[in-house]
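Student: Output the structure for:
(chains A and B)
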Amino acid sequence: MTTQVTYPANAYPVPEEEHHDPGENTLFGFWLYLMTDCLLFASVFATWGVLYFATDGGPGPKELFELDYVAIETAALLVSSITYGFAMISAHAGRKGGALFWLAVTFVCGLVFIGMEINEFHHLIAEGAGPQRSAFLTAFFSLVGMHGLHVTAGLLWMIVMMIEVSKRGLGGKTLTRLGCLSMFWHFLDVVWICVFTTVYLMGAL
Amino acid sequence: MAHSHDSHSTYHGTVKGYLTGFVLSIILTAIPFWMVMEGDFSTSVKFWTISILAVVQIIVHLKYFLHLDFTHEGKPNTLAFLFSALIIVLVVGLSLWIIYESNAMMM
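Tutor: Next up, the predicted model:
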């Protein structure tokens, strides 16, 4: 025979925070994750700087990189930043159609960027300037490739968010998730500023 | 914003803010690309100008796109970033200093 024990309703304190809603905590936690990601990028940037002259007699940055090509890649990423901003504004104003439209535009810009990067990598490897050619090229492929993997992850996440917004609308949790992806996407743009400055522009000096 | 969500009242992105950030970042990207591709300057002038413009552009992105500021809501994010920035400067700066100095000493 089992005994049914009933507890008074207030026996356990319900976790309740008055000044912070859970969405805000999630956004702050995700920002802290991005800060650790910053440190990961910092160590790869340091590796790039240290191995910059280790070309082993192979091709160096001046022979390999085409700045007008990189300028278009950069433009695609910059445009995707403001279109994601418009997606966030539409989402917070409760305009589902607008949010989906701007997310789709952002996705296309990101796809252009990553497509151009894969094409660049393909050309370099076909020319015999693959990551195994020299320590300099290993560092190049690690740094630019890691940024590219992040952008790819962001694009996959964006597909998931477009499905979520179209099926569930713009509830509080969906807005928090969109906010996390917003930080992720703008953070990748900041990393790209460092990449095009230290890798491509300084490489061409 | 007219129809802002209750639980996200802290969201402070505006069309004007994003457009300002976008125009500034286009200018701050175009100048270094132009300097390196077409500009007739000495290498050290180019090096320092593109470095400084990159830092300015990062600050523009942090302010207008990532909404970092020193208000009550923005402060924790900003402080976390400033701490990371310190570590980044230490990791990158000291790595380069140590490796290039030791390389020079062995020459």
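Student: how close does A:Ala71 get to chain B?
Tutor: Separation of A:Ala71 from chain B (CB to the nearest CB, to the nearest Å): 5 Å. From N, CA and C alone the C-beta is placed, and that goes for glycine too.
Student: My guess is that residue contacts B:Phe33. True?
Tutor: Yes - counting by CB atoms under 8 Å, A:Ala71 sits close enough to B:Phe33 to count as a contact (5.2 Å).
Student: Where does the prediction get shaky in chain B?
Tutor: Scanning chain B for pLDDT under 70 picks out B:1-12.
Student: Let's see that with 80 instead.
Tutor: Chain B contains residues with pLDDT under 80 at B:1-12, B:107.
Student: just to revisit the earlier point, A:Ala71 and B:Phe33 - which one has more neighbours?
Tutor: Counted by other CB atoms under 10 Å in any protein chain shown, A:Ala71 and B:Phe33 do not tie: B:Phe33 has more neighbours, with 22 against 17.
Student: A:Leu32 - how many residues pack around it?
Tutor: 13.
Student: Same question for B:Asn77.
Tutor: B:Asn77 has 21 neighbouring residues, counting by other CB under 10 Å.
Student: Next up, the contacts around it.
Tutor: B:Asn77 makes contacts with A:28, A:31, B:66, B:68, as judged by CB atoms under 8 Å, 6 or more residues apart in numbering or on different chains.
Student: Which one of those is nearest to A:Trp48?
Tutor: For the contacts of B:Asn77, the minimum distance to A:Trp48 (CB to CB) is 23.9 Å, reached by B:Leu66.
Student: does that closest one sit in a helix, a strand or a coil?
Tutor: Of the three states, B:Leu66 takes coil according to DSSP: H, G, I helix; E, B strand; the rest coil.
Student: For it, give me its contacts.
Tutor: Contacts for B:Leu66 (CB under 8 Å, 6+ apart) come out as A:183, A:186-187, A:190, B:77.
Student: out of the residues you listed, which is most surrounded?
Tutor: Using other CB under 10 Å as the neighbour test, the contacts of B:Leu66 are led by A:Phe187, with 24 neighbours.
Student: Now, the contacts of B:Leu66 that are in helices?
Tutor: Cross-referencing those against helices under DSSP state H gives A:183, A:186-187, A:190, B:77.
Student: what's the spatially most central residue of chain B in contact with, if anything?
Tutor: Nearest residue to the geometric centre of chain B (CA atoms, centre = their mean): B:Ile58, 1.4 Å. Contacts here follow CB under 8 Å, 6+ apart; on that basis B:Ile58 touches A:190, A:193-194.
Student: ok, so of those, who is nearest A:Gln132?
Tutor: For those, the nearest to A:Gln132 is A:Cys194 (25.1 Å; CB to CB).
Student: Would you confirm that that closest one contacts A:Phe45?
Tutor: Yes - counting by CB under 8 Å, A:Cys194 touches A:Phe45, with 6.6 Å between them.
Student: circling back to that earlier point, possible to save the contacts of B:Asn77 as a markdown table with distance to A:Glu120?
Tutor: Output for these, formatted as a markdown table (distance: CB to CB, whole Å):
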| residue | distance to A:Glu120 |
| --- | --- |
| A:Phe28 | 36 |
| A:Trp31 | 31 |
| B:Leu66 | 27 |
| B:Leu68 | 31 |
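Student: Which among those residues count as buried?
Tutor: Buried members of the contacts of B:Asn77, scored by 16 or more other CB atoms under 10 Å in any protein chain shown, are A:31, B:66, B:68.
Student: what about chain A, any weak spots by pLDDT?
Tutor: Within chain A, the stretches with pLDDT under 80 are A:1-22.
Student: picking that back up, A:His150: which of the ones in helices among the contacts of B:Leu66 is nearest?
Tutor: Using CB to CB, A:Phe187 is the member of the ones in helices among the contacts of B:Leu66 that lies nearest A:His150, at 8.6 Å.
Student: List the contacts of the closest one.
Tutor: By CB under 8 Å, 6+ apart, A:Phe187 lies in contact with A:34, A:37-38, B:66.
Student: again, but for B:Ser95
Tutor: Contact analysis of B:Ser95 by CB under 8 Å, 6+ apart lists A:46-47, A:49-50.
Student: ok, which pair from these is furthest apart?
Tutor: With distances taken as CB to CB, the most widely separated pair in those is A:Thr47 and A:Gly49, at 7.3 Å.
Student: What segments of chain B are helices?
Tutor: Using DSSP H, helices in chain B cover B:15-37, B:43-64, B:75-106.
Student: Give me the buried positions along the shortest one.
Tutor: Within helix B:43-64, the residues that qualify as buried by neighbour count (16+ other CB under 10 Å) are B:46, B:49-50, B:53-54, B:56-58, B:60-64.
Student: State the phi and psi torsions of A:Asp56.
Tutor: phi 50, psi 40 (degrees, to the nearest 10).
Student: how close does it get to chain B?
Tutor: Here the criterion is CB to the nearest CB. By it, A:Asp56 lies 15 Å from chain B.
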